[in-house]
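Visitor: model this:
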Amino acid sequence: MSEAPDPRQIEELLLGGELRFTRVDAVKLAGVPEEFAQRLWRALGFPHLPDDTVAFTEGDVAALVKVAELRRAGILDEDIVLRMVRAVGQTMARLAKWQIDILVGALTDPLEPPDPETVQFILENAESHIADLEPLLVHAWRRQLSAAGTRALAASDDTSPGRVQAAVGFADMVAFTQTSRDLDERALAQLVERFEETASDVIAEHGGRLVKTLGDEVLFSAETPGLGAEIGLCVAEAVRADGEIPDVRVGMAYGPVLPLMGDVFGTTVNLASRLTAMARPGTALVDAGLAAELRGDGAYELARIARRRARGLGVVQPYVLRRSARSY
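Guide: Model (predicted):
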């Protein structure tokens, strides 16, 4: 059996440069205040290191200089720069862990620690693959930035400051707690990944936005009521057609939401969550606001059901959303 790779070798390979500088060295070379550098590194998710630890590359120094230039340009103040950096840091941390899990899981038993040979194999191929993936990463970011910017420009002007009108929905796997007891860890992980892939593909195909995944549940948003309704129904249909994923409950609402840190907040989101819990397996419930927007659309049928009490929201009027028989 080969020896475990040197952690320093791993770092230098993946960072694309030699670890040459301490934290103090990096701050001096970049010519930035130490307090700003510390805030920046915390925002990126980097741990605080002792003054004498050699852990920084020329790339780290260059990145520090670039961010400092953004601040000095005067277009963005320090707080906004750090918020932008924090968004990058948190997103990249999740992306990196996800990708490493995929690689290791594809080459070894995910329930066992990877053996040194597997790690060495990944490292030997990492440098070329990173170079290939970097342009894709930038391309995907620009594409998503374009889509987000377009949505922001198209947002309605008649909502409260900072809020936008949107259709939001949850799709929640039925009896997930019981299912998780019946499956081993590998099968459970595969089920969750299959569900998330199915839902995210449907949402992307119809031009919605996958806000976040919560294991057995996904939250999505759409710019228009009709688009939100179509996504909700299509997710339920795709899950049913898959045959290996438990049915989902879908709850949707339409109204003002507050976009913040890539998430959405507000009463509309809370209402969609409550409706999801009320829905029967394989069905979709919508609130009165979304139902009102969909009336007259021949593609859908709305059936009013008994009013329900929703925790924290009082009594609400749900509607069962179905496809119109004329649409088949």
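Visitor: tell me which residues of stretch 225-234 come out buried.
Guide: 225-234 (16 or more other Cβ atoms under 10 Å). Using the backbone N, CA and C atoms, a C-beta is placed for each residue, glycine as well.
Visitor: how about the residues you listed, which pair is most distant?
Guide: Comparing every pair within the buried residues of stretch 225-234 by Cβ to Cβ identifies Pro225 and Cys234 as the most remote, at 14.8 Å.
Visitor: mind saving the C-alpha coords of the host helix or strand of Ala236 as CSV?
Guide: Here Ala236 is covered by helix 225-242, with elements defined by DSSP states H and E. Coordinates of each C-alpha in helix 225-242 appear next as CSV, following Å, rounded to 0.1, in the frame of the first residue of the first chain:
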residue,chain,number,x,y,z
PRO,A,225,-48.0,32.7,-11.6
GLY,A,226,-48.4,30.5,-14.6
LEU,A,227,-44.7,29.5,-14.7
GLY,A,228,-44.8,28.7,-11.0
ALA,A,229,-47.9,26.5,-11.4
GLU,A,230,-46.4,24.6,-14.3
ILE,A,231,-43.2,23.9,-12.4
GLY,A,232,-45.0,22.6,-9.4
LEU,A,233,-47.2,20.3,-11.4
CYS,A,234,-44.3,19.1,-13.5
VAL,A,235,-42.1,18.3,-10.5
ALA,A,236,-44.9,16.1,-9.1
GLU,A,237,-45.4,14.5,-12.5
ALA,A,238,-41.7,13.8,-13.0
VAL,A,239,-41.3,12.3,-9.5
ARG,A,240,-44.4,10.1,-10.1
ALA,A,241,-43.0,9.0,-13.5
ASP,A,242,-39.6,8.1,-12.0
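Visitor: not counting that helix itself, show me its contacts.
Guide: Surrounding helix 225-242, the residues in contact under the criterion Cβ atoms under 8 Å, 6 or more residues apart in numbering are 166-169, 171, 194-195, 198-199, 201-203, 206-208, 218, 220-222, 245-248, 250, 252, 254, 282-284, 286, 290, 293-294, 297, 299-300, 321-323.
Visitor: selecting buried members of the residues you listed in PyMOL, what would you type?
Guide: The following PyMOL line selects those of the contacts of helix 225-242 that are buried, judged by 16+ other Cβ under 10 Å:
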select buried, resi 166+167+168+169+171+195+198+199+202+203+208+218+220+221+222+245+246+247+248+250+252+254+283+284+286+290+293+294+300+321
